[in-house]
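Asks: Following is a predicted model, sequence given first.
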Amino acid sequence: MSDPATWSYFNNGPVVYGSFFQGEVYDASKESLIEGWSTASYNASGWTPAKEVTLEGHVTPGINDHSKAILTGQFGQTVKKIKELSAQSVQEVRPGVFVYDMGQNMVGVSKINLSGMELGKKIYLRFAEVKYPDLPEYKGNVGMIMLENIRAVMAQDIYVTKGGNETIAPRFTFHGYRFVEVTGIERPLPIEAVKGTVISSIDKLASHYETSNQKVNKLWENITWSTYANFLSIPTDCPQRNERLGWSGDISVFCRTATYLANVPQFLRRHMLAMRDIQRPDGRFTDVAPLGGGFGGILWGSAALAVAWESYQQYDDKQLLAEHYGAMKSYIKYILEKNIDPKTNLLTQENPTSWSNLGDWLGPEQDKNDNSLLWEAYFIYDLEIMKKVADVLGKAEDAKEFNERYLKRKQFFNDTYVDKQSKMIHSGFKQHKVDANLKRGDSVDTQISYVLPLVFDIYKKENKAKAIDNLVNTIVRQNKADNGTVCPPYSLMTGFIGTAWINKALSDNGRSDVAYRLLQQTTYPSWLYSIEQGATTIWERLNSYTHTNGFGGNNQMNSFNHYSFGAVGAWMYNYSLGIERDENSPGFKHFILRPEPDPTGKMTYAKGYYESMYGRIESSWEIKNNTCTYRFVVPANTTATVYIAATREKDIAESGKPVAQNKAVKFL
């Protein structure tokens, strides 16, 4: 047991202040004062006997009860340095104000080498993702870093020099930035002296994706950078502003992509523990973990089921399901008891009039949606997951109950939201908005209204074919966004939720031609539109910045490092490359290879790999001279079922020989 009398403390060291949000203040001139550190001697340098500081009066009331606290050893990936970037350019935007461009939106800290500095000089560093562009509305600020979007965060490091050669390298903060503003010096530092240390819980990727379309390649690269940035101890929504929280809606839609991008089973297990730790007594999962609170509702809370299921499928982590099952079951019970209107049977959540029950967040046509339809579709998906989890864990009675509820809710969905004649989606209830005039039975006809029931296989057989046509029609036509913007054909009219699923819904139903068109579209709103505007990460908005309209008035509610729209990465692996899990053989002991070459002909090849727990799985296709060549690598001690589309058996050859002669090959 530690003896308090043997402890000493020193409060006049070089680290004056350290905060994730506000930055670090480091006075290098005080480094010489900590010479007594090793001996802990009470000398003139300032070491004094330690004093006990109790919780009472020093922490927020209500959170100082630790009677139920459990001390648990850390597990999962630790945050570490993964890369080092060098500044690409510098500009003196005002006299004595030097802005360095790292060339990449990153997360980490600066590493700046100084030489010939005098003692006691204060150098100020400020960090930003973007600069004010040369547009009339930003007159007076052109070239300066834009800090409005980081809101209450100071994002500033202050360094006091000790003189001579030294390095600014903060240890008690981190920043999300591309641009570093340096002041307090008379002339710019050499570009090679300004570097950035990139930090993340992911130290290497488990996959790669490459195509003939360089803009699509850049999109994939941006997805990886946003994953590095936001998988930082917890799966944050953004790494730069006064938030940096584990919002459940983001990880819910991105978790499948994440499991292909990196080896993250323990990272996800840790986050499921965080969600359980703050689960309400009535079973509701909070919308943010591990902090708690937030807003979102069912589309956000479903992360606790989706993440656990995706991790099990990818890594055969049955133990996670066992650990998490009770919490998942409590959540379903909560929805059944608290979120369903007993009069209409509609899923309306606890407070249906609250704006905090989110729908397709930041979707260009979200105001046209019936949110109860989106919530219902996700609840049906939740019930399907619960049925499967119960089967895996051998809980037969639970599996039977979940399956019965699953089938009933599917029937209710088709009866409530699908028009019997046109098969189009219509509203199930009057929207709870002051300015809305949507009422029960009115047509909804938005992209996500078809995407979710298609991707979760909710439609009755007789409704499905028309639903596919209806979805395609919403894509190939011109649409008008809620703000009046006219969007051209093949625009993404979906938000955080729908964008994650739209290409899968199309490919699952034989329309990969439309999915490839969406992937390669460059006009707003689309995945590649941000690439056209110079993005190096995934943005919170599909138009967070444009060359012609700047920030579009969204200076504050605007993140340039959000991974949600990058959830299309799963489609790249599962459909473009065709590397799919076999649900009956989790962990890739047996898997599916079903690549889908671009039917539009715009993309001529795709290649990549995934480092499974059994080894590297490779898949590629290339179209040249009217011939499509496939190449696969299957790891030792695994098996794969390969699907290749062809109209005639004789058109398929393996190593130059007709595959029809191979008795091991079956034709469907």
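Replies: Received, thanks. Residues are numbered from 1 along each chain as shown.
Asks: So for the stretch of helix or strand residue 312 belongs to, mean pLDDT?
Replies: Assigning secondary structure by DSSP states H and E places residue 312 in helix 303-315. Averaging pLDDT along helix 303-315 gives 98.
Asks: How much space separates residue 235 from residue 3?
Replies: 41 Å (CB to CB, to the nearest Å). Yep, even glycine has a C-beta here, placed from its N, CA and C like the rest.
Asks: repeat for residue 233
Replies: Counting by CB to CB, the gap from residue 233 to residue 3 is 33 Å.
Asks: More neighbours: those two, which one.
Replies: residue 233 (18 against 6; other CB atoms under 10 Å).
Asks: ok, that one - contacts?
Replies: Counting by CB atoms under 8 Å, 6 or more residues apart in numbering, residue 233 makes contact with 79, 201.
Asks: Low-confidence regions, the stretch 1-150 of the chain specifically.
Replies: Low-confidence segments of the stretch 1-150 of the chain (pLDDT under 70): 1, 34-45, 62-64.
Asks: For the protein, give me the ranges with low pLDDT.
Replies: Using pLDDT under 70, the chain drops low at 1, 34-45, 62-64, 352-355, 429-441, 660-668.
Asks: most residues in a single strand of it, which one?
Replies: strand 97-117 (DSSP state E).
Asks: residues of that strand that come out buried?
Replies: 97-102, 104-112, 114, 117 (16 or more other CB atoms under 10 Å).
Asks: Can you give the strand pairings for that strand, parallel or anti for each?
Replies: strand 89-94 (antiparallel), strand 164-168 (antiparallel), strand 175-183 (antiparallel), strand 194-200 (antiparallel) (DSSP bridges).
Asks: export those to JSON lines and tack on mean neighbour count?
Replies: Output for these, formatted as JSON lines (neighbours: other CB atoms under 10 Å):
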{"stretch": "strand 89-94", "mean neighbour count": "13"}
{"stretch": "strand 164-168", "mean neighbour count": "15"}
{"stretch": "strand 175-183", "mean neighbour count": "23"}
{"stretch": "strand 194-200", "mean neighbour count": "22"}
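Asks: Now that we have the ones you listed, can you turn them into CSV and tack on distance to residue 242?
Replies: Shown next, in CSV, are the strands paired with strand 97-117 (distance: least, CB to CB, whole Å):
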stretch, distance to residue 242
strand 89-94, 25
strand 164-168, 23
strand 175-183, 12
strand 194-200, 19
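Asks: To residue 395, which of those strands lies closest?
Replies: strand 194-200 (37.2 Å; CB to CB).
Asks: Contact partners for residue 26?
Replies: Contacts of residue 26 by CB under 8 Å, 6+ apart are 14-16, 157-160, 168, 170.
Asks: Just give me the closest of the residues you listed to residue 303.
Replies: Out of the contacts of residue 26, the member with the shortest distance to residue 303 (by CB to CB) is residue 170, at 32.0 Å.
Asks: For that closest one, what are phi and psi?
Replies: Residue 170 adopts backbone torsions of phi -60, psi 150, taken as degrees, to the nearest 10.
Asks: isn't it right next to residue 25, touching?
Replies: No. Residue 170 lies out of contact with residue 25 (CB atoms under 8 Å); the separation is 9.4 Å.
Asks: what residues do the two have in common as contacts?
Replies: 18, 157.
Asks: can you give me the end-to-end distance of stretch 200-209?
Replies: For stretch 200-209, the first-to-last residue distance is 21 Å (CA to CA, to the nearest Å).
Asks: no wait, stretch 595-614
Replies: Counting by CA to CA: the opening and closing residues of stretch 595-614 are 20 Å apart.
Asks: mind listing what the most centrally placed residue in the chain touches?
Replies: The centroid of the chain falls nearest to residue 563 when counting by CA atoms, centre = their mean (3.4 Å). Contacts for residue 563 (CB under 8 Å, 6+ apart) come out as 223, 226-227, 229-230, 250, 254, 538.
Asks: Check the secondary structure at the nearest residue to it once chain neighbours are set aside for me.
Replies: Spatial nearest neighbour of residue 563, chain neighbours left out: residue 226 (4.1 Å); criterion: CB to CB, 6 or more residues apart in numbering. Under the three-state scheme (DSSP: H, G, I helix; E, B strand; the rest coil), residue 226 adopts helix.
Asks: can you pull the contacts of residue 226?
Replies: Counting by CB under 8 Å, 6+ apart, residue 226 has contacts 537-538, 561-563, 566.
Asks: now for the residues you listed, which pair is the farthest apart?
Replies: Farthest pair in the contacts of residue 226, by CB to CB: 561 and 566, 10.4 Å.
Asks: which neighbours do the two share?
Replies: With CB under 8 Å, 6+ apart, residue 561 and residue 566 have common neighbours 226, 538.
Asks: Can you say which of the strands paired with strand 97-117 is nearest to residue 367?
Replies: Minimum separation from residue 367 across the strands paired with strand 97-117 (CB to CB) falls at strand 175-183, 30.0 Å.
Asks: re earlier: among the contacts of residue 26, which are located in strands?
Replies: 15-16, 157-160, 168.
Asks: which secondary structure element contains the residue nearest to residue 406 when sequence neighbours are not counted?
Replies: Spatial nearest neighbour of residue 406, chain neighbours left out: residue 383 (4.0 Å); criterion: CB to CB, 6+ apart. Secondary-structure assignment from DSSP H and E places residue 383 in helix 371-392.
Asks: Export only the CA atoms of that helix, formatted as PDB.
Replies: Included here for helix 371-392 are C-alpha records, laid out as PDB according to Å, rounded to 0.1, in the frame of the first residue of the first chain:
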ATOM      1  CA  ASN A 371     -39.100   9.200 -40.100                       C
ATOM      2  CA  SER A 372     -41.400   6.500 -38.700                       C
ATOM      3  CA  LEU A 373     -40.700   4.500 -41.800                       C
ATOM      4  CA  LEU A 374     -36.900   4.800 -41.300                       C
ATOM      5  CA  TRP A 375     -37.200   3.800 -37.700                       C
ATOM      6  CA  GLU A 376     -39.500   0.900 -38.500                       C
ATOM      7  CA  ALA A 377     -37.100  -0.500 -41.100                       C
ATOM      8  CA  TYR A 378     -34.200  -0.300 -38.700                       C
ATOM      9  CA  PHE A 379     -36.100  -2.000 -36.000                       C
ATOM     10  CA  ILE A 380     -37.000  -4.800 -38.300                       C
ATOM     11  CA  TYR A 381     -33.200  -5.100 -39.100                       C
ATOM     12  CA  ASP A 382     -32.500  -5.100 -35.300                       C
ATOM     13  CA  LEU A 383     -35.000  -8.000 -34.800                       C
ATOM     14  CA  GLU A 384     -33.400  -9.900 -37.600                       C
ATOM     15  CA  ILE A 385     -30.000  -9.500 -36.000                       C
ATOM     16  CA  MET A 386     -31.400 -10.600 -32.600                       C
ATOM     17  CA  LYS A 387     -32.800 -13.700 -34.200                       C
ATOM     18  CA  LYS A 388     -29.500 -14.600 -35.700                       C
ATOM     19  CA  VAL A 389     -27.500 -13.800 -32.500                       C
ATOM     20  CA  ALA A 390     -29.900 -16.000 -30.400                       C
ATOM     21  CA  ASP A 391     -29.400 -18.800 -32.900                       C
ATOM     22  CA  VAL A 392     -25.600 -18.500 -32.700                       C
END
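Asks: got the angle for it vs helix 303-315?
Replies: 50 degrees (axes from the mean of the first three to the mean of the last three CA atoms, to 10 degrees).
Asks: which residues sit against the helix or strand just after helix 371-392?
Replies: The helix or strand immediately downstream of helix 371-392 is helix 396-417, counting by DSSP H and E. Residues from elsewhere that reach helix 396-417 (CB under 8 Å, 6+ apart): 329, 332, 336, 345-346, 370, 373, 376-377, 379-380, 383-384, 386-387, 390-391, 425-428, 444, 449, 453, 458-460, 463.
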